[in-house]
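> Structure for the following, please:
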Amino acid sequence: MDGKPVFSLTNRWLVASVCGTLAVAVISAAIGFVLLPSAQNDPQFRGIWNAICSAAGVPRHWVQNESTVLPADGAVSAVTVTPQTLAGDDPEAVQRGGALATRCIGCHNASQVVAPFLDGQDAAFVYKQLSDFQSGARTNVIMTSMVKGLSDRDMRDLAQYFASSKHLPGRAATLSEPLVVAYGKPTRNVVSCDVCHGGIDHKAGAPFLDGLSASYLGAQLDAFAAGQRHNDSGEQMRNIARNLTETEIKDAAAYYSGFKGVATRMP
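Sure, this is the predicted structure:
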């Protein structure tokens with residue numbers, strides 16, 4: 001050893017290694033946060049600052065004509081959904097729910113333009129939405145009056161009833177799955193729709209979207225994006241909808257509305 005201190009500017013090996021490490025870090029950051037994002041054609045990547053923010057996952061109002069996101073106000077959902085929520089079959093609950101559902105099916109299984117199809121729908125999802133309408137976490141003039149007076153057991157029974165049929169629209173052979181449905185938009189923190197809503201996997205409490213009308217789905221995504229609907233846990237759907245373009249919302253809604261016929265969902 002020559003007796004020179006290791007951590008010293010006179011140590012050329014230390015200086016060279018530190019400078020080399022810094023150079024690699026700067027080049028990597030430039031490629032990952034500027035060069036690669038700027039090569040994308042999506043509007044949110046236009047400009048160096050937007051490219052850096054999008055690569056870092058920072059939510060921004062990228063599109064000039066994007067609607068202003070309203071702050072979530074009012075009541076929030078108090079329902080906690082787990083994979084065990086209403087997971088078991090309960091024949092007695094289904095029977096009780098069937099009697100209660102006679103006033104529901106006129107809208108939900110007939111006129112589906114503004115009301116979602118509920119046969120075969122996820123039980124935890126139906127229960128959560130009914131509870132949220134009752135608490136005010138989700139608002140709708142008709143549904144608020146319909147759930148008034150329902151007990152927690154009534155709402156659970158209704159959820160079990162609609163989930164019991166396991167019949168949902170089947171896939172039409174001509175459907176072409178949009179990229180946002182199949183793969184999402186990772187560069188905008190948008191996960192694939194199929195991961196939560198069926199197709200690839202299903203998240204507890206997430207609705208099955210097959211067969212729902214395009215107008216209904218589009219309206220719900222627009223409401224999430226604007227913050228007018230805010231009963232999603234952890235703002236998951238609001239964060240996703242805010243980062244979707246109008247075209248992507250229309251494409252996803254049209255895709256799910258294209259499911260026709262009847263298919264049986266496995267238990």
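> what about residue 210, is that helix, strand or coil?
Three-state assignment for residue 210 (DSSP: H, G, I helix; E, B strand; the rest coil): coil.
> I figured it was touching residue 257, is that so?
No - contact between residue 210 and residue 257 fails when scored by Cβ atoms under 8 Å: they sit 9.1 Å apart. C-beta here means a position set from N, CA and C on the backbone, and glycine is covered the same way.
> gap between the residue nearest to residue 240 when sequence neighbours are not counted and residue 134?
The shortest distance from residue 240 to any residue that is not its chain neighbour, by Cβ to Cβ, 6 or more residues apart in numbering, is 5.3 Å, and that residue is residue 190. When Cβ to Cβ, to the nearest Å is applied, the distance between residue 190 and residue 134 equals 31 Å.
> on contacts alone, who are the packing partners of the longest helix anywhere in the chain?
Among the elements of type helix in the chain, defined by DSSP state H, the one spanning the most residues is helix 12-30. The contact analysis (3 or more Cβ pairs under 8 Å, 6 or more residues apart in numbering; DSSP states H and E) places helix 12-30 against no helix or strand.
> how about low-confidence regions in the stretch 1-150 of the chain?
For the stretch 1-150 of the chain, the stretches with pLDDT under 70 are 1-6, 38-74, 110-112.
> and with 80 instead?
Counting by pLDDT under 80, the low-confidence segments of the stretch 1-150 of the chain come to 1-12, 14, 32-76, 109-114.
> In stretch 122-135, which residues are buried?
Of the residues in stretch 122-135, 122-135 count as buried by neighbour count, 16 or more other Cβ atoms under 10 Å.
> among those residues, which are in helices?
123-135.
> one step back: now, among the buried residues of stretch 122-135, which is nearest to residue 177?
Taking Cβ to Cβ as the measure, residue 177 sits nearest to residue 122 out of the buried residues of stretch 122-135, at 20.8 Å.
> Quick one: the strands in the stretch 51-200 of the chain, in order.
167-170 (DSSP state E, counting those that start in this stretch).
> now the helices for the stretch 51-200 of the chain?
Taking DSSP state H, counting those that start in this stretch as the criterion, the stretch 51-200 of the chain carries its helices at 91-100, 105-108, 123-135, 141-147, 152-164, 179-182, 193-197.
> starting at the chain centroid, how far to the last one?
In this case it means helix 193-197. In this view, helix 193-197 has its centroid 8 Å away from the chain centroid, taken as Cα atoms, centre = their mean, to the nearest Å.
> gap between residue 184 and residue 136?
In this view, residue 184 and residue 136 are 31 Å apart by Cβ to Cβ.
> Which one's more surrounded, these two?
Residue environment comparison for residue 184 versus residue 136 gives the larger neighbour count to residue 184, 20 against 13, counting by other Cβ atoms under 10 Å.
> so the more buried one makes contact with residue 196?
No - under the criterion of Cβ under 8 Å, residue 184 makes no contact with residue 196, lying 10.2 Å away.
> of all the ones in helices among the buried residues of stretch 122-135, which comes closest to residue 154?
Each of these was scored against residue 154 by Cβ to Cβ, and residue 130 proved nearest at 8.5 Å.
> so who does that closest one touch?
With Cβ atoms under 8 Å, 6 or more residues apart in numbering as the criterion, the residues that contact residue 130 are 147, 150, 155, 158-159.
> gap between residue 234 and residue 246?
Relative to residue 246, residue 234 is positioned 25 Å away (criterion: Cβ to Cβ).
> So the two - more neighbours on which side?
residue 246 (15 against 7).
> who touches the more buried one in this structure?
Residues in contact with residue 246, defined by Cβ under 8 Å, 6+ apart, are absent; none qualify.
> before we move on, which element is the residue most central in space within the chain in?
The chain has residue 237 as the residue nearest its centroid, 3.9 Å off, counting by Cα atoms, centre = their mean. Assigned by DSSP states H and E, residue 237 belongs to helix 236-242.
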